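Colleague: prediction below, plus the sequence it came from.
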Amino acid sequence: MGVPPELGRGAVRLSVGRFTTEGEVDRAAELLVARANASALR
């Protein structure tokens, strides 16, 4: 990704295509937010 390793370890890279639905994007966002919130509580 062209970033330092310490920054890359904290990154999430997502790819979407022309067949990716809005619902799939919304669900991915929900899951990422839930995981980030759970990790912040540790």
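Modeller: On my side now, so go ahead. Numbers count the residues shown, from 1 in each chain.

Colleague: where does this protein dip in pLDDT?
Modeller: Scanning the chain with the threshold set as pLDDT under 70 gives 1.

Colleague: show me where this structure has its helices.
Modeller: Here the chain has its helices, by DSSP state H, at 5-8, 22-40.

Colleague: quick one: closest of these to S15.
Modeller: When those are compared by CB to CB, helix 22-40 sits nearest S15, at 10.7 Å. (Each C-beta comes from the backbone N, C-alpha and C, glycine too.)

Colleague: so what touches that closest one?
Modeller: 12, 14, 16 (CB atoms under 8 Å, 6 or more residues apart in numbering).

Colleague: just put those residues in a markdown table and tack on distance to V33 and neighbour count.
Modeller: What follows is these, written out as a markdown table (distance: CB to CB, whole Å; neighbours: other CB atoms under 10 Å):
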| residue | distance to V33 | neighbour count |
| --- | --- | --- |
| V12 | 11 | 8 |
| L14 | 13 | 9 |
| V16 | 17 | 10 |
